[in-house]
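Participant: need a structure here:
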Amino acid sequence: MPITSAWFRRRLPSALALLAACAAASLAGPASAAAPPAAAAPDSALAQTLARIEGEPLTLEQALLAAVEGSTDARLARAELDAARGALRRERGGFDPELSAVLGRNSSEQPTASLFAGASVLETQQSLGSASLSWRSRWGTELTAALDAVRSESNNAFASLRPQYDATGRLGLRQPLLKGFGAGADGALVSAERSYESALAAHDDAVLGVRAVVETAYWQLHGAVRDLAVQQLLRDQAASLLAETRVRADAGLIGPVQVASARVFLAEQEQAVLDRREALDQASDAFAALIGRRPAGAARRYLTADEPPLAFAAPDEAATVAAALSDNLQLRSAERNVAALQALADAAAGNARPRLDLLGSLGGAGLAGSGRRIVSPFGADPETIQTADIGGLGESLDQVVRRTYPNWSVGVSFSLPLGGRAGGGERDRIRASTQYAGLLLESARRDLESRVRADCRELAASDDRLALADEGVAASREQVRIGLIEFRNGRTTAFELVRLAADLAAAQQRRSQALVRAARAAADLRRLTADGSLTKESGQ
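Facilitator: Numbering: from 1, shown residues only. Here you go, the predicted structure:
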């Protein structure tokens, strides 16, 4: 049977581990060929090869801490959370009391044509002051308190007060009864509150997702490091096998075809080492991108300092599904998003109605000033009149407060957009968006249940899968041991020995893959069930 490079590419890249036992026996020479290798020899040789791989060791906890700080996904989620917090603050500000004030002074000269104008050119100077406080409640009620004061001086000969102080005060009420009432008034605020809760859950899920992705990438990097070590060990064993094959061929124990087979085997392993080294560097680069930092110093790659857990408790599938549906942060974020849209839909439905507002006001006026002499030009004899001093600005304001001169008003205001297309169209749009988000939520629930059940089955079978992988490794080791003895005794070929070594390497890699699969499923379950993921903000 010819040995082709394609065959080796299919079989050997995963082949190694216990060929370390072959190496130990090969280097020992023919005298010890019949003796089985020590059980620790393969693991010891692999450990030595792993120790020679250069890179910066990193524990899983260090990787997780670096990822949470440097991951772009986590930082994007934080930025979205900050934006949602800002939007919530903006909407809450719409219900804050508002204080306003106006100060001013004006002067005017007005020519007159009337004998009763008091002057041919009426000159007036005024100092104005106004203050108001307004507040809108979440029910749509608008309350306003306003106070105005004016100090006037004029050359009007008939003005009885100079200066004159006028003041008015008013308490106003506007209460929407249809449009703008209830949900129509605070719909945007309720939506912003739900959107903030959605962003908060999404942020926590992003952090937990980063941890799960980084943990999976960490164990994948662990597998890539081990694959390179296995391939290097297999390459070293191929070199030892070629050297021994040449010695046996020179002694006439085997033919040149065996030497050629060993040379092909070595060439394939040298190429496979290059492939595995590139794969390790790519895995390290991807891992560095996830955690947001490169290896320190002259190190070109990261190496894993931890080993995957050897056993996992099998979770109760029904209880885990229930916990995920109750606590999953992606679902929580989607639910809050639906609630935010529903708040907007309720507001749009209320604001699609006509506007009917109840209006009312209660106020008072005040007048004060300094009296002056007025000369009346009417009649046969001019008459001089002295007006009394009423007081200053304080007196005028006191009259307003005591409502010496009261006023009030009450009424309604009605507005009906003909056709109602603007409000009705917005209501229909928001309702459709809410329905769409609800369908996405239902789809997310179904996908979540499917993922949780798959991870539960993965963990439930992990112990059996690992036990079977260990059995396969043990059987492959025994095959290699027997094959090596038969090769040295001339009863088998180098091709058969290569096949056995490839089977052993594949068995060891299947064991590593079983550990990585279980670790990935456990990390995914922790994310899906929001295990310990709530931040301080979430708990508030």
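
Participant: Tell me where the chain is predicted with low confidence.
Facilitator: 1-43, 377-382, 487-488, 490, 494-495, 532-540 (pLDDT under 70).

Participant: same thing but 50
Facilitator: 1-41, 532-540 (pLDDT under 50).

Participant: that's a helix at residue 139, yeah?
Facilitator: No. Using DSSP: H, G, I helix; E, B strand; the rest coil, the assignment for residue 139 is coil, not a helix.

Participant: My read is that it contacts residue 185, right?
Facilitator: Yes. Between residue 139 and residue 185 there is a contact at 6.1 Å, judged by C-beta atoms under 8 Å. For glycine as for every other residue, the C-beta is placed from the backbone atoms N, C-alpha and C.

Participant: So which of these two has more stuff around it?
Facilitator: Legend: neighbour count by other C-beta atoms under 10 Å for residue 139 and residue 185, higher for residue 185 (23 against 14).

Participant: Just the strands from the protein, written as ranges.
Facilitator: 56-58, 98-111, 121-136, 142-154, 161-176, 302-304, 355-371, 373-376, 383-386, 405-415 (DSSP state E).

Participant: Need the winner for burial among those strands.
Facilitator: strand 302-304 (a mean of 23; mean count of other C-beta atoms under 10 Å).

Participant: nearest to residue 231, of the strands of the chain?
Facilitator: strand 302-304 (15.7 Å; C-beta to C-beta).

Participant: Export the strands of the chain as a markdown table, with columns for distance to residue 254.
Facilitator: Below are these laid out as a markdown table (distance: least, C-beta to C-beta, whole Å):
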| stretch | distance to residue 254 |
| --- | --- |
| strand 56-58 | 44 |
| strand 98-111 | 99 |
| strand 121-136 | 98 |
| strand 142-154 | 102 |
| strand 161-176 | 101 |
| strand 302-304 | 40 |
| strand 355-371 | 102 |
| strand 373-376 | 141 |
| strand 383-386 | 143 |
| strand 405-415 | 104 |
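
Participant: who wins for proximity to residue 464 among the ones you listed?
Facilitator: Judged by C-beta to C-beta, the one of the strands of the chain that comes nearest to residue 464 is strand 302-304, at 25.3 Å.

Participant: ok, residue 512 - contacts?
Facilitator: For residue 512, the contacting residues are 222, 223, 226, 227, by C-beta atoms under 8 Å, 6 or more residues apart in numbering.

Participant: Sort out for me which of those residues are in helices.
Facilitator: If you go by DSSP state H, the contacts of residue 512 have 222, 223, 226, 227 in helices.

Participant: surely the second one meets residue 513?
Facilitator: So that's residue 223. Yes. Using C-beta under 8 Å, residue 223 is in contact with residue 513, at 6.9 Å.

Participant: of these two, who's got more company?
Facilitator: residue 223 (19 against 16).

Participant: so how far is residue 466 from that one?
Facilitator: 14 Å (C-beta to C-beta, to the nearest Å).

Participant: go on, residue 220?
Facilitator: 18 Å.

Participant: Any chance you could list what contacts stretch 321-338?
Facilitator: Counting by C-beta under 8 Å, 6+ apart, 194-195, 197-199, 201-202, 204-205, 208, 434, 437-438, 440-441, 444-445, 448-449, 452-453, 456, 528-530, 533 sit against stretch 321-338.

Participant: And the residues you listed, which of them are buried?
Facilitator: The neighbour-count criterion (16 or more other C-beta atoms under 10 Å) marks 194-195, 197-199, 201-202, 204-205, 208, 434, 437-438, 441, 444-445, 448-449, 452, 456, 528-530, 533 among the contacts of stretch 321-338 as buried.

Participant: Let's have the contacts of residue 512 in JSON lines, adding distance to residue 417.
Facilitator: Putting these into JSON lines (distance: C-beta to C-beta, whole Å) gives the following:
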{"residue": "222", "distance to residue 417": "67"}
{"residue": "223", "distance to residue 417": "66"}
{"residue": "226", "distance to residue 417": "72"}
{"residue": "227", "distance to residue 417": "71"}
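
Participant: Pick the one among those closest to residue 283.
Facilitator: Using C-beta to C-beta, the contacts of residue 512 come closest to residue 283 at residue 223, 8.3 Å.

Participant: wait, what's in contact with that closest one?
Facilitator: Applying C-beta under 8 Å, 6+ apart, the residues contacting residue 223 are 509, 512, 513, 516.

Participant: And for residue 521?
Facilitator: Contacts of residue 521 by C-beta under 8 Å, 6+ apart are 312, 454, 455, 458, 459, 462.

Participant: From the residues you listed, which land in helices?
Facilitator: Using DSSP H, those in helices are 454, 455, 458, 459, 462.

Participant: filter these to the buried ones?
Facilitator: 455, 458, 459, 462.

Participant: Surely the last one and residue 517 touch.
Facilitator: When you say that, I think you mean residue 462. Yes. When contacts are counted by C-beta under 8 Å, residue 462 is listed as touching residue 517 (7.2 Å).
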